[in-house]
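Model the structure of this input:
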Amino acid sequence: MTGIPFRAGEPPMAQWHYDRLNAQDNAFLLFERGNVRMHVASTNIFDIGPLRSESGGIDFDLVKRATEGSLHLVPRYRQRVHEIPIFKHAVWVDDPHFELDYHVRHTALPRPGSLTQLKKLVARIMAQPLDRKRPLWETWFIEGLEGGDQFAMVTKIHHCMIDGASGVDLANIQFSTSPEPPRLEQPPPFHPRPAPRRLELFLNESRRQAGIPLEIARDFRRFTQETEDLRSEIETRVNALTRLFGMGLRADETPLNGRVGPHRQFDWLSCRLDDLKSMRKGLGCSINDVVLTIVTGAVRHYLLEKGSDVETIEFKVSTPVSVRQEKRRGELGNDVSSWVIALPIDESDPKRQVQIIRETTEELKESNSAIGVQMITQVQEWTPSTLLSLGAQALSGPINTIVTNVPGPQVPLYFHGARLRAIYPAVPLLQGMGLGIALTSYAGTMGIGFNADPDIVPDLERFVTHFKESLARVARVAHVEIGPVSDDINEVQATLD
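Just a heads-up that it's a prediction; the model follows:
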C-alpha cells in the first residue's frame, strides 16, 4: 500500500509504502512465543569447486557479491515486519538500515570438521530466534568440512515469508542448472521507501476493520456465485472442520512431546529417491503414504523402547498440503494447509500400517479435509487479533509432530559453479512438540531432516536409527532392494553417479 500523508503545517513527505501480511503469514508471527521459533531452515551441502579461495577455503567475498546481485529479485529480503499499533497484525516495510554482512555469515568448523560437528553447529544456528527489527532471514556459509572439498550453506528464514512449495521456486533465483559460474552484474541500487508512521498504520487498519462486514458480505456473494452446489460445498467444509476438532484439543502425552525449551538438536539422512518410488509402486500407494508408514514404524519402536503402551496412544501428525495455485508459484508467502492423521502405531505389520494410512489419506482427499485447516487461518481476516493469538497457540495442541514432504528439483543445481549435493530441511517445533520431520527430494535423492528439542528427545540418534530400520522393513514388504541410507550424501550418491 502506498500513500502520501498530509499534515497541516508540515512540508510534503516522500510517498510511503507498506505491504500488509496476509492472514496465514501473520499467523506464523502469532505462533512465535517463548521458545517456539517459527523459522524454517535448510542445510545444503556443496562441492566447493570454483568457490575455493587461494587459501583453500570459501571465496566469501565472491559469495557476498553473488548474494547481493540477486537481492533485487526478492525485495522481501530487504524488508522487515512492523506491527500495527493495537491490532495484532503486521506489515512489511523497507529496511532503511539493511546490512548484508548481518544476514550473510561465514564460519568454519574446528578440526576434524566431522558431520557430527556440523550438525551441532546447525542446531545452534536454528535455536537462535531471528531479529524482528531486521529482515527475517540469515544465510550461513560453513567451511572446514572433513576432506576439504565441500562446504555447507545453512539458510534460515521465517515461516511468514515463505513456505516449502514457494521455497523450491526461489531456488531458481539463487541456484542455476549450469555448472558455469554466472557473470556478476552490478545490482541496481537499493532505495528504501519510507515507512508510514504508526498513526497512519493504525488509522488505515481501523478503516479496514470497519469495512470487514461489507467484505464478508461480498465474499459470501462470491462464494454463492462460484459454487455449483452450495449445500454440498457447505457440508464439505463443515465436515472438514468437524473432523479436525473432533480429534481432540490435546494430543496424547508421549516421550516425543513436552514443553519446548530453548535448545535444538539436528540430524539427517539421505536415501535414493528411486527406492522410495519402487516402494510406492510395490505397495500401491503414494510416496507420502510410504513416508508416513516409515514414520509410523520409527515412532512405534521408539515409544516401545521408552516403555510406552502403543496400544493406547493416539499419535497424531500434521502433514502440510500445498494449495498454492500455479499462477502464484515463485511468489513469497504461504498457501499451505494441513491434514491431521493418526498414525497406526498400534499395528506391528508394515503392510497393515500402509493399508490403514492409504485408506486414511484417500478419505481425506475425497473429503477435502485440508480445507478445514486452511479456513482457520483465513478466518483471521474476520476475527479479533487477541483471540487469534490464543487460537494460534491452541492449534499446536492436537498434534504430536509434523511430517512434511516437499518435492524438489530433480536436476543438479549450482551456486556460482559449486554443485549442490544434498538438501536437509528443518521444520519449526510448535509448543508441546519435541520432534519435527521434513523431507525434500533433489537430483535422485531424498534428504530427511530431524529437528528436535534435546530436553524432550535427548537421544535423537536412537529415533534416527529406528527410522532407518523402519525404512528397511517397509522396503522388505514392498519387495524392494534399497541402496545405502546414510547421513553422508557421498555414500548415497556413489550408487547414483
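
Confidence-wise, which helix or strand of this structure is lowest on average?
helix 385-394 (a mean of 40; mean pLDDT, DSSP states H and E).

Could you export the helix or strand following that helix as PDB, CA atoms only?
Using DSSP states H and E, the next helix or strand after helix 385-394 towards the C-terminus is strand 401-406. Below are the C-alpha coordinates for strand 401-406, written out as PDB (Å, rounded to 0.1, in the frame of the first residue of the first chain):
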ATOM      1  CA  THR A 401       4.600 -33.900  15.400                       C
ATOM      2  CA  ILE A 402       4.800 -32.500  11.900                       C
ATOM      3  CA  VAL A 403       5.900 -34.600   8.900                       C
ATOM      4  CA  THR A 404       6.300 -32.600   5.700                       C
ATOM      5  CA  ASN A 405       7.500 -33.800   2.300                       C
ATOM      6  CA  VAL A 406       8.300 -31.200  -0.400                       C
END
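
Let's test this: mean pLDDT of strand 401-406, rounded?
Mean pLDDT, computed over strand 401-406, is 92.

and whatever helix or strand comes next after it, what's its mean pLDDT?
As assigned by DSSP H and E, the chain's next helix or strand after strand 401-406 is strand 414-415. Per-region confidence: strand 414-415 scores 96 on mean pLDDT.

and for strand 414-415, what are the contacting residues?
Here strand 414-415 makes contact (Cβ atoms under 8 Å, 6 or more residues apart in numbering) with Phe46, Leu51, Ala66, Met153, Gln174, Phe175, Ser176, Thr177, Ser178, Pro179, Leu420. For the C-beta atoms, the positions are set from N, CA and C on the backbone; glycine is no exception.

And these, which of them are buried?
Phe46, Leu51, Ala66, Met153, Gln174, Phe175, Ser176, Leu420 (16 or more other Cβ atoms under 10 Å).

Out of the residues you listed, which comes closest to Ala426?
Met153 (13.5 Å; Cβ to Cβ).

State the pLDDT value of that closest one.
For Met153, the pLDDT comes out at 96.

Name the SS class of it, please.
Three-state call for Met153 (DSSP: H, G, I helix; E, B strand; the rest coil): strand.

who touches it in this structure?
So Met153 contacts Thr43, Asn44, Phe46, Thr139, Trp140, Phe141, Ile142, Phe415 (Cβ under 8 Å, 6+ apart).

so how far is Arg132 from it?
24 Å (Cβ to Cβ, to the nearest Å).

tell me the secondary structure for Val81?
strand.

That one touches Leu136, doesn't it?
Yes: Val81 is in contact with Leu136 according to Cβ atoms under 8 Å; the separation is 6.9 Å.

where do the contact lists of the two overlap?
Cys160.

Now go through the buried ones among the contacts of strand 414-415 and say which are in strands.
Members of the buried ones among the contacts of strand 414-415 lying in strands (criterion: DSSP state E): Phe46, Met153, Leu420.

about what we covered before: Val81 and Leu136: who's more crowded?
Leu136 (26 against 21; other Cβ atoms under 10 Å).

need the contact list for the closest residue to the more buried one other than its chain neighbours.
Spatial nearest neighbour of Leu136, chain neighbours left out: His158 (3.6 Å); criterion: Cβ to Cβ, 6 or more residues apart in numbering. His158 is in contact with Phe28, Leu29, Met38, His39, Val40, Leu130, Leu136, Trp137, counting by Cβ under 8 Å, 6+ apart.

Any figure for the gap between His158 and Arg37?
When His158 is compared with Arg37 (using Cβ to Cβ), they lie 9 Å apart.
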